[in-house]
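Q: can you look at this prediction? I've put the sequence above it.
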Amino acid sequence: MRAAVLVLLASVVGCSLASEGTGGVDEALEDSSPSSADSGAVVDDSSSPDTAAPPVDSDTPPVDSGAPPSDTAKPDTAKPDTAPPPDTAPPCVESACGANPTAAKRIGLVDRTVLCPPGFVTTDIQEVRDGDACSCTCATTLPPTCSGTGSIPTWYSDSSSSCATSGLAVSSSGSGSCSSLGGGGSLGNYFRATPLPATGGTCATSVLPDKLAASRPRRLCEAVTCGAAICAAPFVECIESTSCGGAFPNPRIVGTDVNVTCPLCACTVSGTCSGTMTFYDNGSCGGSSVTVLANDKCVSVPSSRPSSVSSFRYTPVIATTACNPAYTKTKGTPVVTGQRSLCCR
């Protein structure tokens, strides 16, 4: 402020020097003392360097005061975390299941087309079943023969087709051979002769195991924790045990594979013979004759027969032949790979 006052006084002094000379300088200086009451001096306090504001420079960017900007962001209005708590397993309700023995794992047995419920271990297996898995067949390789040698029983009747009267047992000396009757005889109106049995013959044997009859494809659903899902149809509820009873009385055998062992099969050959008997009126199979069937049935004798007969020829033919197996079907013995024993409801 004092500098401003001095400037103003200098102006006044200049004027005084111009008009009065230098002699009035001291007086003027004395009058400019701060204690003087110079009512004519104008003091510009705004020119003080301590308080004067600098001129505004419109090109100068605003001064960075360093203060952080006020936080005008909107408050966080997000909803609180409402996500469900971590999954917790529902309670295992096995009230529909059979009483589970201590330490026994509940297992579902089901057709392989059915999927196991979630949370169960799936194992595809074969279940043993009680089917006739073995069959024996026989094929004739050499048929039996009718030799024609032996004793032939006969029956006859004059008035009835029953042939109830027993006649001679005539002896045949061979197929087509002439055989003597051992004397004369006569034929009744009805006659019956039992042909000689068939002999010989062979058969080939074949034993066939049927794996499909011994087992069927199934699936095990083994509970990891809760077995409630397999306690109703289509599942059969089981436990793994070799001793069945109580709530699980029915044994089931399963495994990774099932085969079957069949018993030996023997075949026997059978056959029946039929034929004809031609009777002659002389002892050497000559003269008048009559032919009748020898098929173990009572047959009518032609009326044009000789009145007496002394010889005959027996000509047999095979009537039936068969190979008879010791069995046709039987269960056999299952052979299980990876066997597991189950007890089921």
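A: Okay, I see it.
Q: rest of the way, CA atoms for contacts and neighbours
A: Noted.
Q: same question for the longest strand belonging to the chain: list its buried residues.
A: With DSSP state E applied, the strand covering the greatest number of residues in the chain is identified as strand 309-325. Taking 16 or more other Cα atoms under 10 Å as the basis for neighbour counts, the residues of strand 309-325 that come out buried are 309-318, 321-325.
Q: same check on stretch 230-240?
A: Along stretch 230-240, these residues count as buried under the neighbour rule (16+ other Cα under 10 Å): I230, C231, F235, V236, E237, C238, I239, E240.
Q: try stretch 156-167
A: Of the residues in stretch 156-167, those buried under the neighbour-count criterion (16+ other Cα under 10 Å) are Y156, S157, D158, S161, S162, C163, G167.
Q: same check, this time on stretch 128-145
A: Taking 16+ other Cα under 10 Å as the neighbour-count basis, stretch 128-145 is seen to contain the buried residues 128-129, 131-140, 143-145.
Q: please apply the same query to stretch 94-106.
A: If you call a residue buried by 16+ other Cα under 10 Å, then stretch 94-106 has these buried ones: C97, G98, K105, R106.
Q: pLDDT below threshold where in the stretch 1-150 of the chain?
A: Applying pLDDT under 70 to the predicted model, the residue ranges of the stretch 1-150 of the chain that meet it are 1-90.
Q: let's see it at 90
A: Within the stretch 1-150 of the chain, the ranges that satisfy pLDDT under 90 run 1-106, 119, 147-148.
Q: buried stuff in stretch 269-287?
A: Buried residues in stretch 269-287, defined by neighbour count with 16+ other Cα under 10 Å: 269-283, 285.
Q: which among those gets closest to S171?
A: Using Cα to Cα, M277 is the member of those that sits closest to S171, with 11.8 Å.
Q: separation between C262 and P325?
A: From C262 across to P325, the span is 14 Å (Cα to Cα, to the nearest Å).
Q: list the buried residues for the helix or strand where V336 lies?
A: Per DSSP states H and E: V336 is located in strand 333-337. Buried positions in strand 333-337, judged by neighbour count with 16+ other Cα under 10 Å: P334, V336.
Q: quick one: it to chain centroid distance?
A: Using Cα atoms, centre = their mean, to the nearest Å, the mean C-alpha position of strand 333-337 is found 19 Å from that of the whole chain.
Q: may I have that strand as PDB, with CA atoms only?
A: Taking only C-alpha atoms (Å, rounded to 0.1, in the frame of the first residue of the first chain), the coordinates of strand 333-337 have been written out as PDB:
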ATOM      1  CA  THR A 333     -26.600-127.900 -15.100                       C
ATOM      2  CA  PRO A 334     -26.000-124.100 -15.500                       C
ATOM      3  CA  VAL A 335     -22.400-122.900 -15.500                       C
ATOM      4  CA  VAL A 336     -22.300-119.300 -14.300                       C
ATOM      5  CA  THR A 337     -19.300-116.900 -14.800                       C
END
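Q: paired strands for it, with orientation please.
A: strand 257-261 (antiparallel) (DSSP bridges).
Q: for the partner strand, list the C-alpha coordinates in PDB.
A: Only the C-alpha atoms of strand 257-261 are listed here, as PDB (Å, rounded to 0.1, in the frame of the first residue of the first chain):
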ATOM      1  CA  ASP A 257     -22.500-115.100 -18.400                       C
ATOM      2  CA  VAL A 258     -24.400-118.400 -18.200                       C
ATOM      3  CA  ASN A 259     -23.800-121.600 -20.100                       C
ATOM      4  CA  VAL A 260     -25.200-125.100 -19.600                       C
ATOM      5  CA  THR A 261     -23.800-128.600 -19.300                       C
END
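Q: which one of the buried residues of stretch 230-240 is nearest to V110?
A: For V110, the closest of the buried residues of stretch 230-240 turns out to be F235, at 5.0 Å, with distances computed as Cα to Cα.
Q: so what pLDDT did that closest one get?
A: What the model reports for F235 is a pLDDT of 97.
Q: could you find the closest non-adjacent residue to it?
A: Leaving aside its chain neighbours, F235 sits nearest to V110 (5.0 Å; criterion: Cα to Cα, 6 or more residues apart in numbering).
Q: pLDDT at the spatially closest residue to S177 that is not a sequence neighbour, what is it?
A: Using Cα to Cα, 6+ apart and skipping residues adjacent in sequence, the residue nearest S177 is R313, 5.6 Å away. In the prediction, the pLDDT value recorded for R313 is 96.
Q: again, but for the one 10 residues further on
A: For C323, the model assigns a pLDDT of 94.
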